[in-house]
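# Have a look; sequence and predicted model below, questions after that.
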Amino acid sequence: MERFQKFLKRKDIIISGKRYGIDALGAMAQGLFASLLIGTIISTLGERLGIELLVTIGGYAKAVTGEAMAIAIGYSLHCPALVLFSLAAVGHAANTLGGAGGPLAVLIIAVIAAEFGKAVSKETKIDILVTPLVTIIVGALLATVCAPAIGSAASAVGKAIMWATELQPFLMGIIISVIVGIALTLPISSAAICAALSLTGLAGGAALAGCCTQMVGFAVMSFRENGWGGFFAQGIGTSMLQMGNIVKKPRIWLPPILASAIVGPIATCVFQLKMNGAAVASGMGTCGLVGQIGVYTGWLNDIAEGTKASITVGDWTGLICISFVLPAVITYVIGMGFRKIGWIQENDLKLDL
């Protein structure tokens, strides 16, 4: 056993929740963003401006979604070059066979294939043949056998969540908004979770509400400590910047969480905000305004499918209120209350920017 452990250490194969549940998951979200999501944005821009070239370019980006996710995962696992490049085929197979749950299938299968590839890397004199052979065969076989089941399971869970949200929009609006919002601030990927579960529709709107509340909420609540730099870093960057402060004093997290529990059901019950764009956008919040672009893309999709007549003033009002106005106002008010009773003190929210 000791010999085996030394082998794993030499190969940088670390079997841990952080390596797979944080590092790999976060990298997968970046790969997803750099392919499917950015491709969707480019295509939508091309369609609205009537520029066919942009539509084509966006299509190219979306076509390599599986490959981008797998390579990103391999990068996070510190894969040698041959393993990393071989993961393109693995990602394509897993994403294609995984269907709607393709991202989760890519995550699981790419991790296993990458670790097998790392294990054999540079162990033989014909490494250029052995390493890609093992990586691709292991990944492709797993994709063939497991990806459809993984994809179906993830899709079923996502559909159950969306069904429950349609049935109980108030309760599920609270639950989804709070949980996904918390995931966004934690060092894990809310975007990858939403993508893996194909979380769209009313549930996607609740997820978006929770993410926006965390980002905009922290940005507004900590403005006196961090100024405009901190405002934009958190508001259109990530609320994850506050994790160091949250670890020191967890109760500073309560205002955005409580605000999420309020904004979520308003999104589902009052404005009936739906994310019918790419599922990954549900977990992006106001990061680069990707969540809002996702909602807008969904509107265009609905119009193209004939399920929506046009984009109304009410649509824009709901999106702006849920994304910016309500998160800012509610979190600020709760945060001020916390400051008055001494639960949040000067510099508790200070960032090292």
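Everything's here; your move.

# For the stretch 1-150 of the chain, which segments count as helices?
Counting by DSSP state H, counting those that start in this stretch, the stretch 1-150 of the chain forms helices over residues 2-10, 17, 25-32, 38-49, 52-63, 65-76, 81-98, 102-120, 127-167, given from the N-terminal end onward.

# right, I mislabeled it, should have said the stretch 201-350 of the chain
Per DSSP H, counting those that start in this stretch, the stretch 201-350 of the chain carries helices over the ranges 201-221, 223-235, 243-248, 254-265, 290-305, 313-320, 326-340.

# For this protein, give me the ranges with low pLDDT.
Counting by pLDDT under 70, the chain shows low-confidence ranges at 353.

# can you name the farthest residue from the center of it?
In the chain, counting by CA atoms, centre = their mean, Lys125 sits farthest out from the average C-alpha position, at 40.5 Å.

# Quick check: the gap between that one and Thr131.
12 Å (CB to CB, to the nearest Å). Where C-beta positions appear, they are placed from N, C-alpha and C, glycine not excepted.

# Over to Thr331?
In terms of CB to CB, Thr331 sits 50 Å off from Thr131.

# Check Tyr20 too.
For Tyr20 relative to Thr131 (CB to CB), the value is 21 Å.

# and the two? which has more neighbours close in?
Ranked by neighbour count (other CB atoms under 10 Å), Tyr20 and Thr131 place Thr131 first, with 26 against 19.

# Could you export the helices of the stretch 1-150 of the chain as a markdown table, including distance to Val247?
Below are the helices of the stretch 1-150 of the chain laid out as a markdown table (distance: least, CB to CB, whole Å):
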| stretch | distance to Val247 |
| --- | --- |
| helix 2-10 | 28 |
| helix 17 | 17 |
| helix 25-32 | 18 |
| helix 38-49 | 32 |
| helix 52-63 | 37 |
| helix 65-76 | 22 |
| helix 81-98 | 32 |
| helix 102-120 | 26 |
| helix 127-167 | 29 |
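
# Could you point out which of those sits nearest Ile182?
Taking CB to CB, helix 25-32 is the member of these nearest to Ile182, at 14.9 Å.

# which ones are touching Leu351?
Ser222, Glu225, Asn226, Gly230, Ala233, Gln234, Leu241, Gln242, Asn245 (CB atoms under 8 Å, 6 or more residues apart in numbering).

# now swap in Asp352 and tell me
Counting by CB under 8 Å, 6+ apart, Asp352 has no contacts.

# Where does the most centrally placed residue in the chain sit: helix, strand or coil?
For the chain, the residue whose C-alpha lies nearest the mean C-alpha position (CA atoms, centre = their mean) is Ala191; its distance is 0.9 Å. Here Ala191 takes the helix state, with states given by DSSP: H, G, I helix; E, B strand; the rest coil.

# Go ahead and confirm Thr238 touches Cys287.
Yes. Because the distance of 6.1 Å satisfies CB atoms under 8 Å, Thr238 is recorded as touching Cys287.

# okay, the two: which has more neighbours?
A side-by-side neighbour count of Thr238 and Cys287, using other CB under 10 Å, places Cys287 first with 23 against 20.

# residue contacts, that one?
When contacts are counted by CB under 8 Å, 6+ apart, Cys287 touches Cys211, Met215, Ile236, Gly237, Thr238.

# Tell me the spacing between the last one and Ala24.
It stands for Thr238. Using CB to CB, one gets 18 Å for the distance from Thr238 to Ala24.

# His78 contacts Asp12, doesn't it?
Yes. Counting by CB under 8 Å, Asp12 is a contact partner of His78 at 5.2 Å.

# who's more crowded, those two?
Set side by side, His78 and Asp12 show more neighbours around His78, with 16 against 13, by other CB under 10 Å.

# and that one, what are its phi and psi?
Backbone torsions for His78, taken as degrees, to the nearest 10, come to phi 60, psi 40.

# give the contact list for it.
Remark: with contacts taken as CB under 8 Å, 6+ apart, His78 is in contact with Asp12.

# thinking again about what came up before, quick check, nearest of the contacts of Leu351 to Ile42?
Of all the contacts of Leu351, the one sitting nearest Ile42 is Ala233; the distance, using CB to CB, is 25.4 Å.

# okay, now that closest one: neighbour count?
Other residues near Ala233 number 19, with proximity taken as other CB under 10 Å.

# quick one, what contacts it?
Contacts of Ala233 (CB under 8 Å, 6+ apart): Ala219, Asn226, Leu241, Leu351, Leu353.

# Just want to check the distance between the fourth one and Gly26.
Between Leu351 and Gly26 the distance, using CB to CB, works out to 20 Å.

# just to revisit the earlier point, would you turn the contacts of Leu351 into TSV with distance to Gly39?
Written out in TSV, the entries for these read as follows (distance: CB to CB, whole Å):
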residue	distance to Gly39
Ser222	34
Glu225	38
Asn226	34
Gly230	31
Ala233	26
Gln234	27
Leu241	28
Gln242	31
Asn245	36
